[in-house]
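Visitor: The sequence and its predicted three-dimensional model are supplied below.
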Amino acid sequence: MKQISVVIVNYNGVHYLQRCLDSIYASNTQNFVVDVIVVDNCSSDHSVEFIKKSYQQVRIMTNEINNYVRAVNLGISHTMADVIVLLNNDTIVQKNWISGLVETMQEYPECGVVQSKILFADGTTVNSVGVNEIEDFYFKDTGFGEKDSGQYEFIKEIEFFSGGSVAIRRQCLEQVGNFDEDFIMFFEDIDYSIRCRKRGWKIYYTPKSVVHHRYHGTATTELSDYFCSRNRFLCIAKHDPSSLPRSIKTSHFFLNDELHSLYSSLLEAAKILVAHHEDEVVYSSFYSLKKELLDLYESRKVYNFFAQLELLLGIRRIKIGIYDHAFHFSGGGQRYVAEMAKILQDKYDVTYVANKDMKLSQYMDWYNIDLSKCKLKILKIPFFEKINEYTINESAVLFEDNNPFDIIGDESLNYDVFINANMLSKVKPQSIYSVFVCHFPDNKRGRFFHVDDYTAIISNGSYTSSWIKKKWRLEPTHVLYPPVDMYNPESNSRNKKNIILSVARFETTGSKKQMEMARTFADMVSRDKILMKDWTLVLAGGTFPGNPYFDKVKNTVSSLQCNIELRPDVTYEELRTLYRDAAIFWHACGLKEKDPHRVEHFGMTTVEAMQNFCAPVVIDGGGQREIVEHNISGFRFKTVTQLQEYTKTLVSNIELRYEMAKNAYKRSHSFNMDVFKAKLEKIFGEIEIELKGKPIAIRK
């Protein structure tokens, strides 16, 4: 007995499946063994469970991604029959549905594909009796919307078939090949029709096989419109490449001013064009395409189009430019982006862009990070060179007619991804994809503000995110806590010295509060000489020659006459030793501050200390609240009095200090390099998908 395979792709169609499957098994199948395969396209409505319970004879396949055409190919790959029938899940078949398809195929041996008569659900109105081209690769179902009054009661050859109910001869499938999964959904039947006819196979319509179709039962009008417009370009690029440029202004994307969808669809079409045609055809088509694109987009966008096309074609690796205007300073923000670069350099071509003379080797020494696969480009900004300003401070740009940072924006065009690594809001990105890394929104919106122009905003924590929303009215796309990897196998909670450690830059503004901490410690010693007599406060952090604040702290410490050590610009190994030895860690940035940007936005050094079993006593504000769980993994203080009280508690209660140090160590794992790396790779995995033009596979 002859076997017929029926392949049905299902997405959330549980409310259609019973009527569809019941109608198949109720149809005239006495001369056939019907093998029904349902390929589930990532449903969430328990379709699979329903089929397993109610139709044990149905074979079920699961498509791992949301791609209708891939699901069709998956189903076909599991068939053995000489005739394979594709059927929509939102249909009900009439009694002679299968026999009508097979009889027509037997009557016409040159027939590779035969389509059923497809009526709407009312059973009296025509949905499709074939497909015809109207003009310029626009297609319409033949008979669509007509009352079925016998006008299509004859078998006929057609140019294009509709995939709603169609039988395909095995021999045709083997010669023509799989359906093209680039189409995802819609137009795959048009493409297959063209390929069939190129192979010499004919396509027929037969009224002997009838189905009733719930129009757009499982695919919305919005989805249909998008994919039909997108896939029209793909089909033209594949079968009539010279027509691609002139097809742009007749597209629905163009007519509806949907220029973003137009751009991304043309990228995919250009990739298809290269894949299917000789170089001469490609060059000619691209020359015409460039002229059409320049009519629609600014030249920068057109430049990016062909740069992105190189990525789609796999010609080169993604180029990433990292701009850090504070590259020549040592700080937490710089380490944050250095860790990003370390991870990214293995997969992408990474170039640092800095504004002051500096060697990458010195930068690597600061953070003990190998960035040898990165390049460094020094691009000096004439405005700051003219005023001889060592710090690149965007607040200095007040009344200039032109934006001094445009030189950096122009440089960004050389990269596929431009990362503004340190919150400089006046740089306008021109790359294909752009990322603004924000540790805190320091400046207000004003002249030359361009953060809105970035594709993505990465914030370093929830505190920063809340202020980006308040201050700039922008929604961060990602929260990426700074990576902290200061674990030292020599550290443990009990092998500690009587050291209170603070690690922070000696900012000229005094925002890190080294002066206040020194005076607080001196006051503790004077009030409780016995308890504090063997304790030392160590203030470590980066500075620069002639730093007036550091000099002020140094003079103050000299006058206090107690055990306070200043450790400016410590090396990485020296810092590791300090963390290993310190029992308590202080962080006071934000003390007595009302301005939110002067509060610690995250606090990498706090996590570093916690990774080395230091018990933290930190300000109860900013990002410190996200790190330290009060009374569990440390203490959070609001006043100097609380700082002293919590510190004395830890000094006098050694077991409590040990317990908090162990809890701090456990808590620190939430902010370590493994967590950071996984999140960063996920972010850039999504960026890579977008850059390479792979659309989100939407279900049918």
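Guide: Happy to help now that I have it. Numbers count the residues shown, from 1 in each chain.
Visitor: Go ahead and confirm residue 42 touches residue 48.
Guide: No. Between residue 42 and residue 48 there is no contact under CB atoms under 8 Å: 10.3 Å. For every residue, glycine as well, the C-beta is placed using N, CA and C.
Visitor: Spit out the residues that contact the two alike.
Guide: Listed contacts common to residue 42 and residue 48 are residue 62; contacts here mean CB atoms under 8 Å, 6 or more residues apart in numbering.
Visitor: Give me the residue ranges of the stretch 201-350 of the chain where confidence is low.
Guide: 216-219 (pLDDT under 70).
Visitor: Going along the chain, name the strands of the stretch 51-200 of the chain.
Guide: Secondary structure of the stretch 51-200 of the chain (DSSP state E, counting those that start in this stretch): strands at 59-62, 83-88, 91-93, 111-120, 126-128, 131-135, 138-141, 156-158, 165-169.
Visitor: For the fourth one, output the C-alpha coordinates as PDB.
Guide: So that's strand 111-120. Provided in PDB are the C-alpha atoms of strand 111-120 (Å, rounded to 0.1, in the frame of the first residue of the first chain):
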ATOM      1  CA  CYS A 111       4.300  17.400 -12.200                       C
ATOM      2  CA  GLY A 112       6.700  18.000  -9.400                       C
ATOM      3  CA  VAL A 113       4.300  19.900  -7.200                       C
ATOM      4  CA  VAL A 114       0.500  20.100  -7.000                       C
ATOM      5  CA  GLN A 115      -1.500  22.500  -5.000                       C
ATOM      6  CA  SER A 116      -5.000  22.000  -3.500                       C
ATOM      7  CA  LYS A 117      -7.900  24.300  -3.900                       C
ATOM      8  CA  ILE A 118      -7.700  26.400  -0.700                       C
ATOM      9  CA  LEU A 119     -10.900  28.000   0.500                       C
ATOM     10  CA  PHE A 120     -11.400  30.300   3.400                       C
END
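Visitor: Double-check that residue 272 belongs to a helix.
Guide: Yes. Membership of residue 272 in a helix is supported by DSSP: H, G, I helix; E, B strand; the rest coil.
Visitor: which ones are touching it?
Guide: By CB under 8 Å, 6+ apart, residue 272 lies in contact with 182, 234, 237, 238.
Visitor: Among these, which one lies nearest to residue 636?
Guide: Nearest to residue 636 out of those is residue 182 (CB to CB; 54.7 Å).
Visitor: wait, what's in contact with that closest one?
Guide: Contacts of residue 182 (CB under 8 Å, 6+ apart): 234, 268, 272.
Visitor: remind me which residues of the protein are low pLDDT?
Guide: 1, 216-219, 693-700.
Visitor: Show me the residue sitting in the middle of it in space.
Guide: Central residue of the chain (CA atoms, centre = their mean): residue 686, 2.8 Å from the mean position.
Visitor: Can you classify that residue as helix, strand or coil?
Guide: helix.
Visitor: Next one: it from residue 679, what distance?
Guide: Distance, residue 686 to residue 679, by CB to CB, to the nearest Å: 11 Å.
Visitor: From residue 524, how far off is the residue of the chain positioned farthest from its centre?
Guide: Most distant residue from the mean C-alpha position of the chain: residue 530, 57.0 Å away (CA atoms, centre = their mean). Applying CB to CB, the value for residue 530 to residue 524 is 12 Å.
Visitor: which residues touch the residue nearest to residue 670 when sequence neighbours are not counted?
Guide: Distances taken as CB to CB, 6 or more residues apart in numbering place residue 481 nearest to residue 670, at 7.7 Å, with adjacent residues excluded. For residue 481, the contact set (CB under 8 Å, 6+ apart) comprises 460, 461, 602, 626, 670, 671, 675, 676, 679.
Visitor: Just say helix, strand or coil for residue 4.
Guide: strand.
Visitor: beta partners of it?
Guide: Counting by DSSP bridges, residue 4 is bridged to residue 34, residue 83.
Visitor: Kindly report the same for residue 323.
Guide: Beta-bridge partners for residue 323, by DSSP bridges, are residue 353, residue 420.
Visitor: what's the spacing between it and residue 7?
Guide: Going from residue 323 to residue 7 by CB to CB gives 52 Å.
Visitor: then stretch 162-174 to CSV, C-alphas only?
Guide: Provided in CSV are the C-alpha atoms of stretch 162-174 (Å, rounded to 0.1, in the frame of the first residue of the first chain):
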residue,chain,number,x,y,z
SER,A,162,1.0,28.4,-2.2
GLY,A,163,2.4,26.3,0.6
GLY,A,164,-0.8,26.0,2.6
SER,A,165,-1.7,22.6,1.1
VAL,A,166,0.7,21.2,-1.5
ALA,A,167,2.0,17.8,-2.5
ILE,A,168,5.6,17.4,-3.7
ARG,A,169,7.1,14.4,-5.5
ARG,A,170,10.1,12.9,-3.8
GLN,A,171,12.1,12.9,-7.0
CYS,A,172,11.4,16.7,-7.4
LEU,A,173,12.5,17.3,-3.8
GLU,A,174,15.8,15.4,-4.3
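Visitor: Give me the residues contacting it.
Guide: With CB under 8 Å, 6+ apart, stretch 162-174 has contacts from 72, 76, 81-88, 91, 93, 97, 101-102, 105, 111-116, 118, 127-128, 130-131, 141, 188-189, 192, 196, 199, 201, 209, 211, 213.
Visitor: Narrow those to those that are buried.
Guide: Those of the contacts of stretch 162-174 that meet the buried threshold are 72, 76, 81, 83-88, 91, 93, 97, 101-102, 105, 111-116, 118, 127-128, 130-131, 141, 188-189, 192, 196, 201, 209, 211, 213, by 16 or more other CB atoms under 10 Å.
Visitor: and residue 23, what does it touch?
Guide: Contacts for residue 23 (CB under 8 Å, 6+ apart) come out as 91, 92, 93, 94, 97.
Visitor: tilt between the helix or strand harbouring it and strand 83-88?
Guide: Assigned by DSSP states H and E, residue 23 belongs to helix 14-26. Angle, helix 14-26 to strand 83-88, by axes from the mean of the first three to the mean of the last three CA atoms, to 10 degrees: 150 degrees.
Visitor: okay, helix 14-26 in CSV with CA atoms only?
Guide: Once non-C-alpha atoms are left out, helix 14-26 reads as follows in CSV (Å, rounded to 0.1, in the frame of the first residue of the first chain):
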residue,chain,number,x,y,z
VAL,A,14,-3.6,23.7,19.9
HIS,A,15,-7.0,25.2,19.2
TYR,A,16,-6.7,24.3,15.5
LEU,A,17,-5.0,20.9,15.8
GLN,A,18,-7.9,18.7,16.7
ARG,A,19,-10.1,19.8,13.8
CYS,A,20,-7.1,19.6,11.4
LEU,A,21,-5.9,16.1,12.5
ASP,A,22,-9.5,14.7,12.8
SER,A,23,-10.2,15.8,9.2
ILE,A,24,-7.1,14.1,7.9
TYR,A,25,-7.9,10.8,9.5
ALA,A,26,-11.5,11.1,8.4
